[in-house]
Structure formats: structure tokens, C-alpha cells
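>>> need coordinates for the below:
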Amino acid sequence: MSFIFTLIAIYIFPSKIEQKKANELNQLITIYQEAQENQKQIENLLDSINEKNAIISKNIFNTELTEESTENDRYKKLKDANNLQDLLDIISDDIKIIEQKSNIQSYYYSFLYHYLPKNLEKFNNFPIRMPLDSTYEIASGFGERIHPILKNKFLHTGIDFAAPIRTPVYATANGIVRNPDPTMFGYGETIIIDHGNNISSLYAHLLEKKVSAGRRVSAGDLIGYVGNTGIAFGVHLHYEIRIKNKPVDPIKFIININPQTYYHYYQQAKVYNQALS
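You can find the predicted model right below:
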């Protein structure tokens, strides 16, 4: 008789271990559902931000922004997931990336709202474009970096774009070309453009300059070619933006690129490494 009751207990009443597993599974399912909803809300927010970005690009730069699709990679990850926990990990990673992108884009539009002119006629006087025609990689960003010669920490006052020699360099805004300070000999062949309102942009280590001091240039004009003149380790463009002659992070100004490229640049510019100049 006791044997029969034992069988009944096994098949009818779940063990504590089985009950614990069932509870854990229910908790995972709940977390999974909440994660999906959270991800959906953040993706909707990011879509809204990207729509505004496309409108700005079309109306101001007359260009269409293209999205870089990552759906195939994401589908492969989901397909290869072995269990619910793997799915949760994938979604959690997605949410972190999307939240980070959303925060970056929110900063991006906060900057536009607070610092750029409301009058579109003055918009071209702000250095918000890429100095290169194509989206070349950032070799070193703005901020504390390793000095290429002394090997100590120093403030890298711009961003270094790794680009082939003789790559065309373009003015990032309207302005007047000024002579560089004589003490800036380490910058090599350098162009400084005064955009007014105490804002200027600087293009250093050029192979050749196509404009001279006093020349008025427009946004997008060819001004020189990428080189390695001055104290430069490798061919690259050193690009700076200065407000009241104080260097600021140029990556915060560039807006005529799609959100994926901006995010990619933002991540590259954060890497602590050795500057090229």
C-alpha cells in the first residue's frame, strides 16, 4: 500500500525541485515578456528620433539617410539560441545597445535645439558636416590620449580620421580662411576657417592646401588634401572645432550622417589610445 501512495505522490504531486524549476521558468517567461515590451518601447522612441534626423538631413543637406540593417545578424542570434535564458540575454543586449543609441541621439538633438541657429540661413555657418566625402574610420578621438612621441597622457584637441593620402578635404561650414598661429608648426600644412560667432574649424597635416588666408569659402568647398605633414604618425586628417579658441569635441557637431554611422563614430572616438598627432 505504501508503494502505491509513493507512486501517486511522484506522479501527482511535483517534487520541491520540480516546483522550483517551474517557478523559475514562469519568472523567466515574465521577464522575457517584459523585456520584449521594454525593447519595443525603446525601438519606437529611436524610430521617432531617426525620423526627425531624416527630416533634418533632407531639408537642410538635401540628402537621404540610409539605415544599416542589422536584422540578419539579430535573426541568426535568435535562431541559434539554445534556451529561454539565451533569448533573454540576446534581448537584454539589444536593449542596452538601443538605450545607448537613444541616449546619444537625444543628446544630439538637445545640442541642435540649444546651440544651432533657428534661422536656417545661418545654419551653413556652423561646422556640422563631415570634413571628408566618405565615412572614414576615426583613428583617435577627442580628449585624454597617449602622446605619440612622449608616450604620456595629453589632451588630444581634435579627432584623427584615417584616410588615404590625397583624399579631398572639404570645408564643414561657410567662413573665411585665416592664417594658423606660427607656434602651430607641429600641425604641418594647416587650414583654419573662421565661421563667425567665435567658432572656427581646423584641418591639419594636409598634403596640400587649395585655399589661402582671406579666402571666403562655402560649406562643402574643396580646401585641401589629406597628408602627413608636420608631426604626424601615419597619413590622416586631424580635425578640430574651437569655440572662443577653445577646442571642443568635433563628434558632437557632425550631424549629416546616418544614426548608425554616428553611433559607430561615437564609439570609436571614446577609445583611449595613442593619437596620430
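>>> and Phe154, helix, strand or coil?
strand (DSSP: H, G, I helix; E, B strand; the rest coil).
>>> give me the number of residues near the closest residue in space to Asp249 that isn't next to it in sequence?
Using CB to CB, 6 or more residues apart in numbering and skipping residues adjacent in sequence, the residue nearest Asp249 is Phe142, 4.1 Å away. Any C-beta I mention is one placed from the backbone N, CA and C, and that applies to glycine too. Counted with other CB atoms under 10 Å, the neighbours of Phe142 add up to 24.
>>> from Asp221, how far out is Phe142?
According to CB to CB, to the nearest Å, Phe142 stands 24 Å off from Asp221.
>>> also Phe233?
As judged by CB to CB, Phe233 and Asp221 stand 28 Å apart.
>>> would you report the backbone torsion angles of Gly188?
With angles defined as degrees, to the nearest 10, Gly188 sits at phi 70, psi -150.
>>> actually Gln267, not the one I typed
Phi and psi for Gln267, reported as degrees, to the nearest 10, are phi -70, psi -40.
>>> so Ala204 makes contact with Leu276?
No: using CB atoms under 8 Å, Ala204 is not in contact with Leu276; the gap is 10.4 Å.
>>> same drill for these two, tell me which one is more crowded.
Ala204 (28 against 22).
>>> quick one: low-confidence parts of the stretch 101-250 of the chain?
Low-confidence segments of the stretch 101-250 of the chain, defined by pLDDT under 70: 101-122, 134.
>>> rerun that using 90 as the cut-off
101-126, 128, 133-136, 143-144, 146-152, 154-155, 181-186, 197, 231-234 (pLDDT under 90).
>>> what's the overlap in contacts for Ala204 and Leu276?
Common neighbours of Ala204 and Leu276 are listed as His238 (criterion: CB atoms under 8 Å, 6 or more residues apart in numbering).
>>> what's opposite Ser201 in the beta bridge?
Ile193, Ile241 (DSSP bridges).
>>> count the residues that sit near it.
Ser201: 25 neighbours (other CB under 10 Å).
>>> Thr135 versus that one, what's the distance?
Distance from Ser201 to Thr135, by CB to CB: 18 Å.
>>> next one: Ala173
From Ala173 to Thr135 the distance is 19 Å (CB to CB).
>>> pick out whichever of those two has more residues nearby.
Neighbours were counted for Ala173 and for Thr135 using other CB under 10 Å; Ala173 has more, 23 against 14.
>>> going along the chain, name the strands of the stretch 101-250 of the chain.
138-140, 143-146, 153-156, 159-162, 168-170, 175-178, 189-194, 199-209, 216-217, 222-226, 236-243, 246-248 (DSSP state E, counting those that start in this stretch).
>>> closest one to Gln268 among the ones you listed?
Gln268 lies closest to strand 138-140 among those, at 4.1 Å (CB to CB).
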